[in-house]
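In: Got a sequence here, can you model it:
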Amino acid sequence: MDRLTEMEAFATVVDQGGFTDAAKKMGISKSAVSKHVSSLEARLGARLLNRTTRRVSPTEIGLAYYDRARRVLNDAGEADALVTSMQSAPSGLLRISVATDFGVNHLSPVLGEFLQEFPEINVNMVLNNRYVELISEGFDM
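Out: Model (predicted):
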């Protein structure tokens with residue numbers, strides 16, 4: 001089974017105080033949560049939860065593992081959010097090769113607005129009047 005899924009199931013059981021509420025929170029069945037936690041305990045060779053008919057509580061080892069697991073899960077969530085935010089806003093270097101007259105008369109006037117709208121983009125505009133091999137010379141346009 002997937003380690004992060006096992007960690008998430010365990011941490012959610014601890015957070016919610018039981019398997020039923022953890023299953024509701026995760027949107028999966030109670031038996032699936034139980035299997036994830038059992039698989040985690042088997043892989044680690046340690047009992048992480050004390051289970052009674054009325055209560056579920058972490059063992060001493062379970063508490064120590066919970067603290068670390070919660071940090072790992074938070075870091076994974078932040079990593080996902082970072083990628084999402086980086087994809088939502090254009091960023092990077094844009095290399096443009098353009099004829100001198102066209103660049104001066106048409107692109108230069110709108111370039112400032114473009115850079116204000118997309119501050120994470122750096123533009124390298126080369127003005128020349130020769131034929132350019134875009135790919136071999138490393139230009140985007």
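
In: Break the protein down into its domains, please.
Out: Residue ranges for the domains of the chain, per automatic domain parsing: 3-87, 89-127.

In: And residue 57, which helix or strand is it part of?
Out: strand 56-58 (DSSP states H and E).

In: Now do the buried residues in that strand.
Out: 56, 58 (16 or more other CB atoms under 10 Å). For the C-beta atoms, the positions are set from N, CA and C on the backbone; glycine is no exception.

In: swap in stretch 28-43?
Out: Going by 16+ other CB under 10 Å, stretch 28-43 has these buried residues: 28, 33-34, 36-37, 39-41.

In: likewise stretch 49-69?
Out: 49, 56, 58, 62, 65-66, 69.

In: Need the worst-confidence member of the residues you listed.
Out: Ranked by pLDDT, the buried residues of stretch 49-69 bottom out at residue 56 (94).

In: Low-confidence stretches in the protein?
Out: 1 (pLDDT under 70).

In: Please determine how far the residue most central in space within it is located from residue 25.
Out: For the chain, the residue nearest the mean C-alpha position is residue 80 (0.7 Å; CA atoms, centre = their mean). Note on residue 80: its distance to residue 25, by CB to CB, to the nearest Å, is 18 Å.

In: just so I have it, where are all the helices in the protein?
Out: Secondary structure of the chain by DSSP state H: the helices cover 3-16, 19-26, 30-44, 60-88, 100-102, 108-117.

In: how near is the closest residue to residue 72 other than its chain neighbours to residue 83?
Out: Excluding the flanking residues, the one nearest residue 72 by CB to CB, 6 or more residues apart in numbering is residue 7, at 6.3 Å. Using CB to CB, residue 7 is found at 20 Å from residue 83.
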